[in-house]
Structure formats: C-alpha cells, structure tokens
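Undergrad: How does the following fold in three dimensions:
(4 chains)
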2 protein chains.
Amino acid sequence: MAARTVTGADHDVSQPAPSEGGIRISDAASTAGVSARTLRYYEELGLLRPSLYTSGGERRYTEEDLIQLNRILELREVLGMNLDEIKEFLSFETRLDELRTTYRATKGSTTKKARAEQKETLREALELNETLAEQLNAKLARMDSFRAKLAGDARRCRDLLAELD
Amino acid sequence: MAARTVTGADHDVSQPAPSEGGIRISDAASTAGVSARTLRYYEELGLLRPSLYTSGGERRYTEEDLIQLNRILELREVLGMNLDEIKEFLSFETRLDELRTTYRATKGSTTKKARAEQKETLREALELNETLAEQLNAKLARMDSFRAKLAGDARRCRDLLAELD
DNA sequence: TCTAACTATGACGTTAACGTTATACTTATG
DNA sequence: CATAAGTATAACGTTAACGTCATAGTTAGA
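TA: Modelled structure (predicted):
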C-alpha cells in the first residue's frame, strides 16, 4: 500500500535501479563543503530548493542544484554578501531569466504595455547590476592596494633576511 | 581635591588651553563611521588602545589611532577577516616593526643566537605573508570572474533594451 | 524482510559583533 | 561654578547563521 519509489509508477520496470533519484542531502552538503543543516536552512530562507523530493519526503538534489549552491557560497564567501542580499540578487537573476524567456517566446509581437513593463524590469536590472559592479570595483581596488602592501612587506622581509647572511 | 586637567599640574599654567588632549571617543567613532561601543569593544579585545587617557579616565584618540582604526576596518570590510584574525595579523605586524627597529639599532653587532631568532621571526612573517597573499589572490581571481559575469549580464540587458526600440 | 544508516521536523543552544540601558562620573562652557 | 553634554563601566539584549539534540519516519543493502 505504501509507495516504494520516487516516480511511483508500479507497473513500469524500465527504471535503472531501485536506488534512484538524485543526491542525498548529506552527500550534497559534503560535496559543497557545508553541513546538511545549512542546506535545510537555505531552503527555509528560500535560497535553494532541491529539485526533487522522494515520496517519503526526503530531499534529493541534482547537479544543477549543486551549481546553484556553489553560486550562493561564492556570493557569501567571495563577495561577503549576507543571505538576504544573496536572496535578493538571485531573485533578480531569476526574474531576468524569465524576462528573456518570455521575450524570446513572444518575439516582437507584444502589446505596448507589456513592452513597457519589460523595459522597466530591464532598467531595474541594469541599475542593480551597476550598483553591484561599483561596489565590486571599489572592493577590488582596495584589495589590490592591500596586495601591493603585502608584496612590499614581503620584499622588505627578504631584504632583511639577505642582510643577515 | 579633584584633579582638573589631563597633566594634573596645579601650579603650571603654561598649557595652551583648558580644552586639550586628543579626540574624544564619539568624534573618533563618527569620523570612522562606527559607534563608540565598537571602539570600546575593540579596545577590550586588544585591537586598538587609545594613545591617551584623561586623568578622569576618558579615552582620547590621536590621528595615528584613527589611521590604525581604518586599517582594522579595512581588514574587516575588504578582506572579510574576523576580529581574531585581525588581531593576529596586527600583532604580527607589530612584531615585525619591533624586529626592524631593534635590527636597525643593533646593526650587525648581535650575537649568533639573537640573529637566529630574528631569522626565525622573519621566516614566520614571510610565511604568514605568503598565506595571506595566496588567499587574497584566490579571492581576487574569483571576484574578477564575477565582475566579468556582471559585465556580460549588463551587456545582454542593454542589447535587449536596444531591441525594444 | 530486517536492520543499520540516513533523514525530517521541531526546538533549543551557540558565537561573534556589537546595541541598549542604567548608574555614576567628567568635561567643557556660559 | 553651575550645568548640559559627553563618558565609563557593567550588564543584559539582539541578530545572523548556523550547531545540536530528541523523536519519529525513510531508505538501501544483505
């Protein structure tokens, strides 16, 4: 009476194996270098939903999910964004993708109102993009000057070491 | 019976003005864009001690202190270091400065043992420096690739906008 | 089919980096 | 010298980003 597999088709035997349906949470987590708790937390915040769930309610991640997870971790570690900022950024990316999709689908055959809305979204996107780019460039500049400082320090250390011989 | 000024010399009137002795904590804080609490907290952690205290026990900061504070904030904001890492880094810098000072003072007239110790410290410094430089470069590379992605996004946005006219 | 190993869902705990508040003292200025 | 405005210390509060634990259900392999 209980469902046995993910797809739940009882008379279909064409599935490769009983074990099927994506990456378990602990495997996904260890692959990405985080904890299972982190993945559940990200899901709770609406940052990352696994593409699949088993009939029993367990999360199953796909490779695509892992790619998205890496994007999130990159935004966190490299850009120092907090999870709210990441969410906002990701939702904007999603919105842009949607926009592109519908644009390609409808080609030029849209109403004036729809096109005005598309323009508005595009302008918003460009604005966010520019803001991020500015912040990024500022940070890059400061990091680069810090790198120069480090290089100078290293040089002086080596000079001193050379003098001690 | 209570002391009145910083120096506490009662019969000495040669001091420039009653108002004297450095930057008050709230001024230092607002100049740096942080709160007074943050400065007290940093002092508590051993990150930044004001150069002066009034006889009444109030903190007075110098311009040098503010420069040091900005270094700390830079390490925090740009490199994403936590306060413990910053402390370690700063203490290492201090140690290097001391080393350079004593080295310049004693010139070449030191014992073999002292020179060996100096060498050891220099090597430690170089190691820390290299570690930081590596991390920094890795981060810079990832940030740069992210910047490229942003630029690409912006380009596509502009292309779409152009098509809409 | 049995079972060891994994998972879900709360719910409470933890840590860093401060914020806030209360109380008492200090400083600058009219 | 009075007094408003700033400060010190102590102590408790807050938030983000998870960690940990208990309890109960699920899955995969022998």
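Undergrad: quick one, phi/psi of A:Ile23?
TA: The phi and psi values for A:Ile23, taken as degrees, to the nearest 10, are phi -100, psi 130.
Undergrad: and the closest residue to A:Ala114 other than its chain neighbours, how many neighbours does it have?
TA: Nearest residue to A:Ala114, sequence neighbours excluded (CB to CB, 6 or more residues apart in numbering or on different chains): A:Thr106, at 7.8 Å. Every C-beta, even on glycine, is put in place using the N, C-alpha and C of the backbone. Neighbour count for A:Thr106, taken as other CB atoms under 10 Å in any protein chain shown: 13.
Undergrad: quick one, what contacts A:Pro50?
TA: A:22, A:25, A:28, A:43, A:59-62, A:65 (CB atoms under 8 Å, 6 or more residues apart in numbering or on different chains).
Undergrad: how about the nearest residue to it, chain neighbours excluded?
TA: Nearest one to A:Pro50, counting by CB to CB, 6+ apart, is A:Arg59 at 4.2 Å.
Undergrad: do the same with A:Gly33
TA: A:Leu73 (7.7 Å).
Undergrad: distance of the one you found from DNA strand D?
TA: Taken as CB to the nearest atom of the strand, to the nearest Å, the spacing of A:Leu73 relative to DNA strand D amounts to 8 Å.
Undergrad: Now that residue: which helix or strand?
TA: helix A:63-77 (DSSP states H and E).
Undergrad: tell me the contacts of the residue most central in space within chain A?
TA: When CA atoms, centre = their mean is applied to chain A, the residue found nearest the centroid is A:Arg71 (3.0 Å). By CB under 8 Å, 6+ apart, A:Arg71 lies in contact with A:Leu90.
Undergrad: and chain A, which residues reach chain B?
TA: A:74, A:78-80, A:96, A:99-100, A:103, A:115, A:118-119, A:122-123, A:125-126, A:129-130, A:132-133, A:136-137, A:139-140, A:142-144, A:146-147, A:150-151, A:153-154, A:156-158, A:160-161, A:164 (CB under 8 Å from any CB of the partner chain).
Undergrad: Can you flag the buried ones in these?
TA: A:74, A:78-79, A:96, A:99, A:103, A:118, A:122, A:125-126, A:129, A:132-133, A:136, A:139-140, A:143, A:146-147, A:150, A:153-154, A:157, A:160 (16 or more other CB atoms under 10 Å in any protein chain shown).
Undergrad: residues near A:Thr111, how many?
TA: 9.
Undergrad: any idea whether A:Arg60 is helix, strand or coil?
TA: Under DSSP: H, G, I helix; E, B strand; the rest coil, A:Arg60 falls in the strand class.
Undergrad: beta partners of it?
TA: A:Arg24, A:Leu52 (DSSP bridges).
Undergrad: about what we covered before: what is the helix or strand just after the helix holding A:Leu73 packed up against?
TA: Downstream of helix A:63-77, the first helix or strand assigned by DSSP H and E is helix A:83-106. Packing partners of helix A:83-106 (3 or more CB pairs under 8 Å, 6 or more residues apart in numbering or on different chains; DSSP states H and E): helix A:63-77, helix A:112-163, helix B:112-163.
Undergrad: ok, A:Leu75 - contacts?
TA: A:81, A:85-86, A:89.
Undergrad: any chance of the residues you listed in TSV, with neighbour count, pLDDT and distance to A:Leu39 too?
TA: Formatted as TSV, those follow (neighbours: other CB atoms under 10 Å in any protein chain shown; pLDDT from 0 to 100; distance: CB to CB, whole Å):
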residue	neighbour count	pLDDT	distance to A:Leu39
A:Met81	17	95	18
A:Glu85	14	95	19
A:Ile86	21	97	14
A:Phe89	17	92	19
